[in-house]
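Asker: Based on what follows, work out the 3D shape:
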Amino acid sequence: MLTANKLEKIMELEDSLRSEYQSKLDAKSAELERCRQELNDQRKQLQATIDRQLQTITELSEKATTTQSFEQRNRELNNRSENLQEEVATLKKRVKSLQKDLADEREKVNALTQFDGPRMKKNLDASKKKLAEKTAANEVLQKSLNKTKAENADLQRKVQELEGKLAELDSGENTEAEAAA
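Answerer: Numbers count the residues shown, from 1 in each chain. All right, here's what the predicted structure looks like:
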């Protein structure tokens, strides 16, 4: 009987402790569940932020690649146009020297026409043909230079537009970063 009394007292003690602390346990369990829910919500928000940042990084890397490609093309076109300008300058010098040579030849022809007219005329015709060919080649090169300059100007304008867009994107990102902060 003694153990039955002790058992009853233990059961009564357990019931009194349970009734006394059950509300606290339930409150702590509810608070624990609320904290878990908040943690899950924060985790979802952080994942969404990470996803947005990843998307932004991907877009920016694609734009940077495009910008680098345009810059490379621009450098190539600038180099090409500089080379063509140097070629044109060289050809202009050559044309001047050829014109000078032609003038010298005309003087010689005038001096030699006294001696051998048909041969001198033949030489004169050959010189004229050479000059015409070189003039035509010079015109073609001049047209090519003008076309290259126009392409270069278009590409520079496009690069400036892209830089403007990139600046707008950067300022938009800065405002988004400030808003997120």
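Asker: Flag the shaky bits of the chain, pLDDT-wise.
Answerer: For the chain, applying pLDDT under 70 flags the ranges 1-2, 112-113, 115-117, 181.
Asker: From D104, how far off is the residue nearest the centre of the chain?
Answerer: In the chain, the residue lying closest to the centroid (Cα atoms, centre = their mean) is T67, at 1.0 Å. Noted for T67: a distance of 55 Å to D104, by Cβ to Cβ, to the nearest Å. (Each C-beta comes from the backbone N, C-alpha and C, glycine too.)
Asker: residue contacts, the residue nearest to the centre of the chain?
Answerer: By Cβ atoms under 8 Å, 6 or more residues apart in numbering, the contact set of T67 is 162-163, 166.
Asker: One more pass at 7 Å, please.
Answerer: T67 makes contact with 162, 166, according to Cβ atoms under 7 Å, 6 or more residues apart in numbering.
Asker: K158 now?
Answerer: K158 neighbours (Cβ under 7 Å, 6+ apart): F70.
Asker: for it, helix, strand, or coil?
Answerer: At K158, secondary structure determined by DSSP: H, G, I helix; E, B strand; the rest coil is helix.
Asker: Next: S97.
Answerer: Classified using three-state DSSP, S97 is helix.
Asker: For the remainder of this discussion, apply numbering that starts at 27.
Answerer: In the new numbering, first residue 27, that becomes S123.
Asker: Relative to K160, how far out is it?
Answerer: Taken as Cβ to Cβ, the span from S123 to K160 is 11 Å.
Asker: Out of those two, name the residue with the larger neighbour count.
Answerer: K160 (15 against 10; other Cβ atoms under 10 Å).
Asker: what's the helix or strand for the more buried one?
Answerer: helix 143-206 (DSSP states H and E).
Asker: A30 too?
Answerer: Counting by DSSP H and E, A30 is part of helix 28-138.
Asker: so that helix versus helix 143-206, what angle?
Answerer: With axes from the mean of the first three to the mean of the last three Cα atoms, to 10 degrees defining the directions, helix 28-138 sits at 160 degrees from helix 143-206.
Asker: how far does helix 28-138 sit from the chain's center?
Answerer: Centre-to-centre, helix 28-138 and its host chain are 14 Å apart (Cα atoms, centre = their mean, to the nearest Å).
Asker: what's around S49, how many residues?
Answerer: For S49, using other Cβ under 10 Å, the count is 9.
Asker: what does I36 give?
Answerer: Counted with other Cβ under 10 Å, I36 comes out at 10.
Asker: what's the answer for Q111, then?
Answerer: 13.
Asker: Not including adjacent chain positions, what is the nearest residue to it?
Answerer: In space, and not counting its chain neighbours, Q111 is closest to L171: 6.7 Å by Cβ to Cβ, 6 or more residues apart in numbering.
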